[in-house]
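Visitor: With the input below, show me the fold.
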Amino acid sequence: MNVKDKHERRARRHLRVRRKVVGTPERPRLNVFRSSKHIYAQIIDDVSQQTLVAASSNEPAFRELGKSGGNVEGARIVGQMIAERALAKDIEKVVLDRGGHKYHGRVRALAEGAREGGLDF
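Guide: The predicted structure is shown next:
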(Lines give C-alpha, C1' and ligand atoms only; values in the text may rest on other atoms or scores of the structure.)
Protein backbone atom coordinates (compact mmCIF):
# COMPACT_ATOMS: atom_id res chain seq x y z
CA MET A 1 0.00 0.00 0.00
CA ASN A 2 1.47 3.33 -0.99
CA VAL A 3 0.66 6.83 0.23
CA LYS A 4 -1.36 7.75 -2.87
CA ASP A 5 -3.73 4.82 -2.32
CA LYS A 6 -4.11 5.80 1.34
CA HIS A 7 -5.07 9.39 0.45
CA GLU A 8 -7.45 8.23 -2.29
CA ARG A 9 -9.24 5.88 0.12
CA ARG A 10 -9.64 8.70 2.67
CA ALA A 11 -10.98 11.03 -0.02
CA ARG A 12 -13.48 8.36 -1.10
CA ARG A 13 -14.64 7.87 2.49
CA HIS A 14 -14.99 11.64 2.86
CA LEU A 15 -17.22 11.84 -0.22
CA ARG A 16 -19.35 9.04 1.19
CA VAL A 17 -19.77 10.92 4.47
CA ARG A 18 -20.50 14.19 2.66
CA ARG A 19 -23.48 12.66 0.85
CA LYS A 20 -25.28 12.60 4.20
CA VAL A 21 -23.64 15.39 6.20
CA VAL A 22 -24.78 18.83 5.02
CA GLY A 23 -24.33 22.12 6.85
CA THR A 24 -27.36 24.41 7.01
CA PRO A 25 -27.60 27.96 8.37
CA GLU A 26 -29.30 26.56 11.51
CA ARG A 27 -26.81 23.70 11.96
CA PRO A 28 -23.55 24.28 10.03
CA ARG A 29 -20.95 21.59 9.39
CA LEU A 30 -17.82 21.28 11.55
CA ASN A 31 -15.20 20.01 9.11
CA VAL A 32 -12.00 18.43 10.47
CA PHE A 33 -8.80 17.95 8.47
CA ARG A 34 -5.62 16.56 9.92
CA SER A 35 -2.13 16.33 8.54
CA SER A 36 0.82 14.70 10.25
CA LYS A 37 1.87 17.95 11.98
CA HIS A 38 -1.31 20.02 12.23
CA ILE A 39 -5.07 19.83 12.63
CA TYR A 40 -7.60 22.22 11.11
CA ALA A 41 -11.28 22.84 11.83
CA GLN A 42 -13.82 24.93 9.93
CA ILE A 43 -17.49 25.59 10.52
CA ILE A 44 -19.14 25.80 7.11
CA ASP A 45 -22.60 26.78 5.89
CA ASP A 46 -23.05 24.65 2.76
CA VAL A 47 -26.15 26.54 1.60
CA SER A 48 -24.31 29.86 1.21
CA GLN A 49 -20.96 28.07 0.66
CA GLN A 50 -19.16 30.15 3.28
CA THR A 51 -16.73 29.36 6.04
CA LEU A 52 -18.18 30.93 9.16
CA VAL A 53 -15.41 30.14 11.66
CA ALA A 54 -11.99 28.50 11.43
CA ALA A 55 -9.23 27.43 13.80
CA SER A 56 -6.04 25.47 13.35
CA SER A 57 -2.86 24.44 15.07
CA ASN A 58 -0.97 26.42 12.45
CA GLU A 59 -2.02 29.90 13.57
CA PRO A 60 -0.17 32.32 15.87
CA ALA A 61 -2.76 32.11 18.68
CA PHE A 62 -2.13 28.37 18.96
CA ARG A 63 1.65 28.57 18.55
CA GLU A 64 1.88 30.99 21.49
CA LEU A 65 0.72 28.13 23.73
CA GLY A 66 3.81 26.13 22.75
CA LYS A 67 1.80 23.00 21.93
CA SER A 68 1.95 20.65 18.94
CA GLY A 69 -0.96 20.13 16.55
CA GLY A 70 0.27 16.60 15.87
CA ASN A 71 -1.01 15.16 19.15
CA VAL A 72 -4.26 14.68 21.05
CA GLU A 73 -3.63 17.51 23.50
CA GLY A 74 -3.17 20.02 20.68
CA ALA A 75 -6.30 18.79 18.90
CA ARG A 76 -8.37 19.29 22.05
CA ILE A 77 -7.13 22.89 22.31
CA VAL A 78 -8.06 23.55 18.65
CA GLY A 79 -11.54 22.13 19.42
CA GLN A 80 -11.91 24.54 22.32
CA MET A 81 -10.72 27.43 20.12
CA ILE A 82 -13.28 26.67 17.40
CA ALA A 83 -16.06 26.38 19.99
CA GLU A 84 -15.13 29.72 21.54
CA ARG A 85 -15.15 31.45 18.14
CA ALA A 86 -18.41 29.77 17.12
CA LEU A 87 -20.20 30.85 20.28
CA ALA A 88 -18.99 34.41 19.67
CA LYS A 89 -20.88 34.25 16.35
CA ASP A 90 -23.99 32.69 17.96
CA ILE A 91 -23.36 29.22 16.53
CA GLU A 92 -24.28 26.60 19.13
CA LYS A 93 -25.29 23.52 17.12
CA VAL A 94 -23.15 21.89 14.44
CA VAL A 95 -22.93 18.59 12.63
CA LEU A 96 -19.53 16.83 12.67
CA ASP A 97 -17.79 16.04 9.38
CA ARG A 98 -14.79 13.92 10.33
CA GLY A 99 -13.32 14.20 6.83
CA GLY A 100 -13.06 10.49 6.11
CA HIS A 101 -10.96 9.88 9.21
CA LYS A 102 -11.89 7.41 11.92
CA TYR A 103 -13.49 8.91 15.01
CA HIS A 104 -10.60 8.34 17.38
CA GLY A 105 -7.32 9.97 18.32
CA ARG A 106 -6.96 13.58 17.26
CA VAL A 107 -10.35 13.79 15.51
CA ARG A 108 -12.11 12.58 18.64
CA ALA A 109 -10.06 14.92 20.85
CA LEU A 110 -11.01 17.90 18.69
CA ALA A 111 -14.69 16.93 18.88
CA GLU A 112 -14.52 16.51 22.66
CA GLY A 113 -12.72 19.85 23.01
CA ALA A 114 -15.47 21.52 20.96
CA ARG A 115 -18.12 19.90 23.17
CA GLU A 116 -16.30 21.09 26.30
CA GLY A 117 -16.23 24.58 24.77
CA GLY A 118 -20.02 24.59 24.44
CA LEU A 119 -20.83 23.28 20.94
CA ASP A 120 -23.69 20.80 20.60
CA PHE A 121 -23.48 17.91 18.10
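Visitor: How about Val22: what's its closest non-neighbour residue?
Guide: For Val22, ignoring the flanking residues on the chain, the nearest one in space by CB to CB, 6 or more residues apart in numbering is Asp46 at 5.3 Å. Glycine gets a C-beta too; all of them are placed from N, C-alpha and C.
Visitor: How about the contacts made by the one you found?
Guide: Counting by CB atoms under 8 Å, 6 or more residues apart in numbering, Asp46 touches 22-24, 28-29.
Visitor: mind redoing it with 7 Å?
Guide: Residues in contact with Asp46, defined by CB atoms under 7 Å, 6 or more residues apart in numbering, are 22-23, 29.
Visitor: Just list whatever residues bridge to the residue most central in space within the chain.
Guide: Residue closest to the mean C-alpha point of the chain, counted by CA atoms, centre = their mean, is Val32 at 2.6 Å. The partner list for Val32 in beta bridges (DSSP bridges) reads Ala41.
Visitor: Am I right that it is in contact with Val107?
Guide: Yes: applying CB atoms under 7 Å, one finds Val32 in contact with Val107, separated by 5.4 Å.
Visitor: Give the residues shared as contacts by the two.
Guide: Taking CB under 7 Å, 6+ apart as the criterion, Val32 and Val107 both touch 98, 101.
Visitor: Now do the SS call for Gly118.
Guide: Recorded secondary structure, Gly118: coil (DSSP: H, G, I helix; E, B strand; the rest coil).
Visitor: Surely it is in contact with Ala83?
Guide: Yes: at 5.3 Å, Gly118 and Ala83 qualify as touching, with contact defined as CB under 7 Å.
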